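K.L.:
predicted model follows, preceded by the sequence.
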Amino acid sequence: MKTAVNRLRGVERDIVQVPQVGDTAPYYEPQGNEVAIFEAAYKKRLPIMLKGPTGCGKTRFLEHMAFELGRPLVTVSCHEDLTSSDLVGRFLLEGSETVWQDGPLTRAVKAGAICYLDEIVEARTDSTVVIHSLTDHRRKLTIEKKGQEIEAHEDFMLVISYNPGYQTVLKDLKPSTKQRFIAINFDFPVEEVERKIVLNEAAGISPELVHQLVAAGRKARQLKDHGLEEATSTRALVYAANMINAGLDPVAACQVAMVNPITDDIELADALMEIVQAHFSA
Amino acid sequence: MAERKPSVAALLAQLERESHAASRDIEQSLPEIEPHGEQVTLAWLSACRALFDFDREAAKAFIRGSVEAERVSETVLPWTGQALEFMRWRGSWRALDGFMTNLPRAFGSLGHAGEKRWAEIGFVWCARQIDSGSAYFATPVLDLSGRQGISGVEQLSAPAEELFESRKLMLGTYLGGALRVRNLLGSQAILPWALRGADILQSGRARGEAYFRLESEESLALLLEHLPGFRLVDRNRLLAMLLDVWFGGAFDLKESSWSPEKGRPFVETDGRSLYVPAVMSSRDEAILAVLHAAGHMRFGTFDRSGMKSMFDAAKIEFPATGAVSWAPLFLRFGDDALRFQLIFDVCEDLRVDYRTQNQVPNYLQRLVKTAHDAGARHPDTGAYFDLALATAEGALAASRGKGGPDARFAPLLEPGATVADSYRIASVLYDEDTLPRVSDLEAMHAAYLPGRGPNATRLAHPQEKQDQDQQTQAGAEQQSEQQEQGEEESTPQNAEAGDQQDGGKREEVAGYGESSGSSTQAAAKSDGDRGKAGGSDKGVPYPEWDYRENRYKRNWSWVQEKRLAESNMAETNRLMNQYSNALKRLKKAIQSQKPTRMAPKLRQFDGDDMDLNAVVSYVAEKRAGRSPKADIYRRREMRQREVAVTLLADMSTSIMQHLPEGGGRLVDRVRAGVLLFAESMEEVGDSYSIAGFCSKYRDNVSYYNIKGFDEPLSQDVRSQIGGMSGRLATRMGAAIRHATASFEGIESRRRLLLILSDGRPEDYDDGGDRRYLHEDTRMAVKEAVSKGVHPFCITVDTMANQYLPQIFGTGHYLVLDHINSLPNKLPEIYFRLRR
């Protein structure tokens, strides 16, 4: 897919993109049986919910799977103002008349793509209800405003990601929504896998540095209960590794990639820096 | 002896007639004076005589000090003249005695010019109050100058001059404390310390003087706050996080009772809790120390089986249960106990640090580096420091797989090593007798590497093997509460630093932790420390903002949450009748205001539906050739009117005053207002709480919880409102902080803190400085806003326009021009705010 991006760099293109022959698969390092689960669910066209903390590889996993399965991937990042019209579509005015425009979900349903609703808890509950009829045996999308119903393409699949513990006190998926999904739990990969990932994503970094970096990242995750909303992610480690590759001092790289972004709390930042310095000193 | 001049001889003879004893002293001193010539000798002799006539004691002191004064100054006349000055004041012999004693040192360390200035400063004080003069001259010159020459003396006396001018504070009261403050904190700390003291002095003589003598808790607290270095107590959270990261699980961190004059601060542990001092010299040392102490807890220093085999090796009975005193282990060595203790600590610390290195990357590197930076060794115990450093470096090498420490220490690095091995190896090293003896506690303290410290200062609580891995706060607390309280006091940090000089063995024993039998009797003393940790009868501590220093004073104001003792149902009923019409009106208004369904927002640029009217006009305009805005959507806004509100009433004395126009007291209106507010809140259904506050001094802020958020408006609450009355003063900042804290756990998007007041924030101990509490309240308001709580002040003080804008900000307060309108207005204001 990377090459697909390269080919079309700077060009407006449709959100529905089928992987082309010759594209390389997005890198993904399996942590368990998630690939098998996904394939099985896809065989039966069951919707999937990816649960796990930010930056542990949910999106990458999906990109990888979509590529492997040869399906286009339509991603919608949900936010709190996301309405059902943003998903399904709306009437727009064009000249002197109104024109219906399909939303990304409708496009995916028609094209048989994998539709990925990222961080779905962020969206308002009334907009998440529209997916109900798509996620059970009906596999239909109702477009109320047009008074229509669309039968989903046989290859269509819905995937949502869901981040438990992330502001879930006030926002949570309705149980009726949750129970329509096959849920795969993600967590940060085990140390060895994480090292492999960092080595791969930041090619050229010395294994010794990766060793220290991953060790520091894992220690930093222990501070999660001390007021960090999000723990140090694998993505942050990759960023740090890339910064080191670009010539930055490891401690400074960790500070800008792993500490500063996740907290404004001075005390917490101090503790995180202690961890980083302990791993990189001498 | 040289020949005596006739004039001198005559004067001598005269003196002899007056006092035989004096003339003998004079005869002894005379040989030193005579070489200066006849004039000088005569002057000196006549000074002796004049002083003799003035006060015998004064003359004796003068003659006694003369020899040494002459020797150091190599003059006679200057100091003779100065001594004669003392005759101006009655009862000055003590001052003169101090003067003569210190004279040689004054000449020696300050020089002639400095000595002159030193004497002049003293004379000024003698003239003001002879006791202050005596105190000044009796203080050793080196202490006065702080080894900074005469400017040191002036630094010390300048604030005193100022305090005398403004507050009539005598030097005698101030001097002792000021010297200690300078020793601990440096000369720049004297002035702020003294100014604060002057404020306190104004609020009460006795309290102020206790402050200056460093006897009151507040001056000690202030000192601790100013101590330079890394403040562990403020960084408790950081330390707890680091412990969690490196060792996993929670540790029980407590503040130890260390104070500056107890010597070097150490982090200590008793196997259950970590005791941290307020301050340590550097961040590195502090973090090393906390990690090291946690290492002791995790790596078996307090392991029951390890300790038992150590005691067995020493042939001392090991108690089967309860806390264990280290004392018997060391007492075997008698006078040489400190030497053994140091050797043992080197071994045990090495063992623990080596294992800590596995847990905390680069721990030993940091230890070694910090130790290298530590500066000069203590002459008596440098050998221990160097030994510890060498072994730590050895351990570091071993952890890298290259080399290791001295063979004698190698067994300590083995994975199975226990505290008993440390004891065994320490005994061997002790018998080698190569390390110097140690007698002085200060020298002993200097022997420790940064982060390490005496391991045996507290009673040990042996831990079973399995619970070492999951040593948690809760587990530790199971033990008898009372016992714990007592121990804390009976074995405080370096408790003996002061007593040790008296040289008793008895005190030395206490250093290892007394047997737990003594704990109960000590419990009574611990008043001062109790509650430091948090909730207790002392209340909840909050910081207070000091605008003069631009910083927070930690744990400064203490808020006690209470229930209102008084309740008055009759008054409540009376008010309910009086205001029944008003209440009816209010309720009706509320019902009509209550939102029944969500209103759609029209003319949006984006939305779920078309706004038909907008579309029509859009199309029409478009047709007409114009280019209208495409705001044609309709959207349902989820307008959550979730509000939580606390009504915080000022319950200071001033609300008890009678209204100028008659018709009762202010408190009647306050009660009515609160009552109507509560009744109308019931109608609205918003979550609300009611509280009142008053204060007397910073450590006594009462917060009366009249109704909690989840409490129903019961008859009990109603009658409490009827019983509200005024008392004491208005420390508003602390009350706001407490009210803000009580919003915690209340889930609502909008949080409102309504403050009902009748005057400016003030308290008995603000030293007449109105601005102080104003500024503090302003900061408290700011803190509340940043925590998502919006304070709003309603006041009946018609002068409030002068200070409320600064405190609450424009638009965040309301001055009621008529007190009688308060009851009706209060609910109305609320509805206006929540809209």
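P.N.:
Ah, there it is.
K.L.:
tell me, how many residues neighbour residue 77?
P.N.:
By default, I'm working from chain A. When counting by other C-beta atoms under 10 Å in any protein chain shown, one arrives at 14 neighbours for residue A:77. All C-beta spots, glycine's among them, are computed from the backbone N, C-alpha and C.
K.L.:
was after chain B, sorry
P.N.:
14.
K.L.:
how about residue B:554, phi and psi?
P.N.:
Backbone geometry at residue B:554, expressed as degrees, to the nearest 10, gives phi -70, psi 140.
K.L.:
show me the contacts for the closest residue to it other than its chain neighbours.
P.N.:
The shortest distance from residue B:554 to any non-neighbouring residue, by C-beta to C-beta, 6 or more residues apart in numbering or on different chains, is to residue B:543 (5.6 Å). Taking C-beta atoms under 8 Å, 6 or more residues apart in numbering or on different chains as the criterion, residue B:543 is in contact with B:552-557.
K.L.:
can you tell me which of these are buried?
P.N.:
Neighbour-count burial (16 or more other C-beta atoms under 10 Å in any protein chain shown) applied to the contacts of residue B:543 gives B:552-557.
K.L.:
Serialize the residues you listed to CSV and add fields for secondary structure and pLDDT.
P.N.:
Shown next, in CSV, are the buried ones among the contacts of residue B:543 (DSSP: H, G, I helix; E, B strand; the rest coil; pLDDT from 0 to 100):
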residue, secondary structure, pLDDT
B:552, strand, 85
B:553, strand, 82
B:554, strand, 82
B:555, strand, 81
B:556, strand, 84
B:557, strand, 85
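K.L.:
out of those residues, which is nearest to residue B:581?
P.N.:
Taking C-beta to C-beta as the measure, residue B:581 lies nearest residue B:557 of those, at 42.0 Å.
K.L.:
ok, the closest one touching residue B:701?
P.N.:
Yes: in terms of C-beta atoms under 8 Å, residue B:557 counts as a neighbour of residue B:701; the distance is 5.6 Å.
K.L.:
quick check: neighbours shared by the two?
P.N.:
By C-beta under 8 Å, 6+ apart, the residues touching both residue B:557 and residue B:701 are B:695, B:731, B:734.
K.L.:
please list only the buried members of the residues you listed.
P.N.:
Neighbour-count burial (16+ other C-beta under 10 Å) is assigned, among these, to B:695, B:731, B:734.
K.L.:
of those residues, which ones also sit close to chain A?
P.N.:
For chain A, no contacts are drawn from these by C-beta under 8 Å from any C-beta of the partner chain.
K.L.:
among those, which lie within helices?
P.N.:
Residues of these located in helices (DSSP state H): residue B:734.
K.L.:
turn the buried ones among the shared contacts of residue B:557 and residue B:701 into TSV, including pLDDT.
P.N.:
What follows is those, written out as TSV (pLDDT from 0 to 100):
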residue	pLDDT
B:695	87
B:731	88
B:734	89
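K.L.:
just give me the closest of the buried ones among the shared contacts of residue B:557 and residue B:701 to residue A:207.
P.N.:
Relative to residue A:207, the closest of these is residue B:734; by C-beta to C-beta it sits at 56.1 Å.
K.L.:
work out which residue lies at the spatial centre of chain A.
P.N.:
Residue closest to the average C-alpha location in chain A (C-alpha atoms, centre = their mean): residue A:59, at 3.0 Å.
K.L.:
quick one: contacts for that residue?
P.N.:
Under the criterion of C-beta under 8 Å, 6+ apart, the neighbours of residue A:59 are A:75, A:116, A:118, A:161.
K.L.:
that one sits in which helix or strand?
P.N.:
Element membership for residue A:59 (DSSP states H and E) is helix A:58-69.
K.L.:
now do that helix, average pLDDT.
P.N.:
The predicted model assigns helix A:58-69 a mean pLDDT of 92.
K.L.:
how far away from the center of its chain is that helix?
P.N.:
Here helix A:58-69 is found 10 Å from its chain centre; the criterion is C-alpha atoms, centre = their mean, to the nearest Å.
K.L.:
rewinding a little: now the shared contacts of residue B:557 and residue B:701 as CSV including distance to residue B:602?
P.N.:
Shown next, in CSV, are these (distance: C-beta to C-beta, whole Å):
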residue, distance to residue B:602
B:695, 51
B:731, 49
B:734, 47
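K.L.:
for chain A, what are the nearby residues on chain B?
P.N.:
So chain B meets chain A at B:235, B:237-238, B:240-242, B:244-246, B:248, B:287, B:360-363, B:365-366, B:607-610, B:618-619, B:622-623, B:630, B:632, B:635, B:638, B:747 (C-beta under 8 Å from any C-beta).
K.L.:
out of those, list just those in helices.
P.N.:
Under the assignment DSSP H, these contribute B:237-238, B:240-242, B:244-246, B:287, B:363, B:365-366, B:618-619, B:622-623 to helices.
K.L.:
so which of those residues would you say is closest to residue B:672?
P.N.:
Distances from residue B:672 to those, taken by C-beta to C-beta, are shortest for residue B:237, at 44.7 Å.
K.L.:
who does the helix or strand that contains residue B:806 touch, helix- and strand-wise?
P.N.:
Assessed by DSSP H and E, residue B:806 sits inside helix B:804-808. With contacts taken as 3 or more C-beta pairs under 8 Å, 6 or more residues apart in numbering or on different chains; DSSP states H and E, helix B:804-808 sits against helix B:770-786, strand B:789-795, strand B:813-815.
K.L.:
let's see that with 6 Å instead.
P.N.:
In terms of contacts (3 or more C-beta pairs under 6 Å, 6 or more residues apart in numbering or on different chains; DSSP states H and E), helix B:804-808 is packed against helix B:770-786.
K.L.:
what packs against the helix it packs on?
P.N.:
strand B:540-546, helix B:732-741, helix B:804-808.
K.L.:
quick one: the residue nearest to the centre of chain A from residue B:652, how far?
P.N.:
As judged by C-beta to C-beta, to the nearest Å, residue A:59 and residue B:652 stand 59 Å apart.
K.L.:
residue A:188 too?
P.N.:
Using C-beta to C-beta, residue A:188 is found at 55 Å from residue B:652.
K.L.:
what of residue B:700?
P.N.:
Taken as C-beta to C-beta, the span from residue B:700 to residue B:652 is 13 Å.
K.L.:
so which of these two has more stuff around it?
P.N.:
Comparing residue B:700 with residue B:652 by other C-beta under 10 Å, the one with more neighbours is residue B:652, at 25 against 21.
K.L.:
not counting residues beside it along the chain, what's closest to that one?
P.N.:
residue B:730 (4.4 Å).
K.L.:
correct me if wrong: that neighbour contacts residue B:761.
P.N.:
Yes: contact criterion C-beta atoms under 6 Å: residue B:730 and residue B:761 qualify, at 5.2 Å.
K.L.:
got the contact list for residue B:198?
P.N.:
B:163, B:167 (C-beta atoms under 6 Å, 6 or more residues apart in numbering or on different chains).
K.L.:
now do the residue in the stretch 501-650 of chain B positioned nearest to chain A, the pLDDT please.
P.N.:
Per C-beta to the nearest C-beta, residue B:608 is where the stretch 501-650 of chain B lies closest to chain A, at 5.4 Å. Note for residue B:608: predicted pLDDT of 75.
K.L.:
how many other residues sit next to it?
P.N.:
19.
K.L.:
about what we covered before: dump the helices and strands packed on helix B:770-786 into CSV; add distance to residue B:430 as well.
P.N.:
Putting the helices and strands packed on helix B:770-786 into CSV (distance: least, C-beta to C-beta, whole Å) gives the following:
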stretch, distance to residue B:430
strand B:540-546, 46
helix B:732-741, 54
helix B:804-808, 66
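K.L.:
go through the ones you listed and pick out the most buried.
P.N.:
Most buried of these, by mean neighbour count (mean count of other C-beta atoms under 10 Å in any protein chain shown): helix B:732-741, with a mean of 26.
K.L.:
could you dump the helix holding residue B:806 to PDB, C-alpha only?
P.N.:
Extracted C-alpha coordinates of helix B:804-808, given in PDB (Å, rounded to 0.1, in the frame of the first residue of the first chain):
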ATOM      1  CA  LEU B 804     -13.900  41.600  44.900                       C
ATOM      2  CA  PRO B 805     -12.900  42.500  41.300                       C
ATOM      3  CA  GLN B 806      -9.300  41.600  42.100                       C
ATOM      4  CA  ILE B 807     -10.100  38.400  43.800                       C
ATOM      5  CA  PHE B 808     -12.900  37.000  41.700                       C
END
